[in-house]
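Structure, please.
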Amino acid sequence: MAQLERIRVYPVKGFDGVEVDAADVLDGGTLAGDREFAFFEADGTVLNGKRSALVHELATDMDADSGAFVVETPTGETERFDLSSERQRAEAWFGDYFDADLTLRRDVDLGYVDRREMGPSVVSERTLEAIETWFDELTVDGVRRRLRANVEVSGVPAFWEDRFVGDDAPAFAVGDVRFEGVTSCGRCVVPGRDPDTGAVTPDFRATFVEKRRETFPEWADEDAFQHFFTAMLIASVPESDGGRRLRVGDPVAVIED
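The predicted structure is shown next:
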């Protein structure tokens, strides 16, 4: 049976995600707590893995009990921040680490997702398993951390999410929340790096594109894909479903309108 296997939100844009048992859909269609905070550089650009590979050196987590953002450096140094009340301290610490003038901002309405007019990212568990087989040194969890999806669906084939892109594509429901496909996610340099060290996986893009082309599913509309360096669906949630809750274990069903 197809079901919602995992929900992962990313409290601070660019840093590690945390798994949660449930997440509310905000009125704007994104998930509560996802990219709620972001560090911005002096030129107005957001700090993330595209801008600095140093992001991968830091292991981060959100303490479920206290709500503190916990950071561990490669040397084992640990810091804890209440991001809502200790912004200046967080700006100073991260600014020193990245040697940059950083400003911490918060957006509880949409979060600092890349595509603010869209919604959660979706991938199937089998997609992660398939990509893992393309590279000798990868693990399934490593692929999961490289792709950084919000919603992971089990009980469906690899690249199941591709069918929701293109003309006449169906929608799908996760529990009582409707998802409509918008685009397949074109990938940047981040998936080609080890999520712990930032080390570049040799020939990642070329291998990925070759294997993606070879395994492109027959049920997907190839004309809706600009290239083969894509994986993961960017979806939208109708405004009418804002305020509803996603829960791990929710059934997933295709909607043929």
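
all contacts plus neighbour counts: C-alpha atoms, from now on.
Noted.

Checking D65 next. Helix, strand or coil?
Judged by DSSP: H, G, I helix; E, B strand; the rest coil, the three-state class of D65 is coil.

tell me the helices in the stretch 51-200 of the chain, going along the chain?
87-98, 125-132, 140-147 (DSSP state H, counting those that start in this stretch).

I'd like these laid out as JSON lines, including mean pLDDT, mean neighbour count and distance to G44.
JSON lines is the format used below for the helices of the stretch 51-200 of the chain (pLDDT from 0 to 100; neighbours: other Cα atoms under 10 Å; distance: least, Cα to Cα, whole Å):
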{"stretch": "helix 87-98", "mean pLDDT": "96", "mean neighbour count": "16", "distance to G44": "14"}
{"stretch": "helix 125-132", "mean pLDDT": "98", "mean neighbour count": "20", "distance to G44": "33"}
{"stretch": "helix 140-147", "mean pLDDT": "96", "mean neighbour count": "18", "distance to G44": "25"}
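
right, and the ones you listed - which one's nearest T73?
Closest to T73 of these, according to Cα to Cα: helix 87-98, at 9.5 Å.

tell me which strands and helices that closest one is in contact with?
Using 3 or more Cα pairs under 8 Å, 6 or more residues apart in numbering; DSSP states H and E as the contact criterion, the neighbours of helix 87-98 among helices and strands are strand 103-106.

Do me a favour and get the end-to-end distance for stretch 19-39?
Using Cα to Cα, to the nearest Å, one end of stretch 19-39 lies 22 Å from the other.

Make 532 the starting number, not 1.
In the new numbering, first residue 532, that becomes stretch 550-570.

Return the set of buried residues in that stretch.
Within stretch 550-570, the residues that count as buried by 16 or more other Cα atoms under 10 Å are 553-570.
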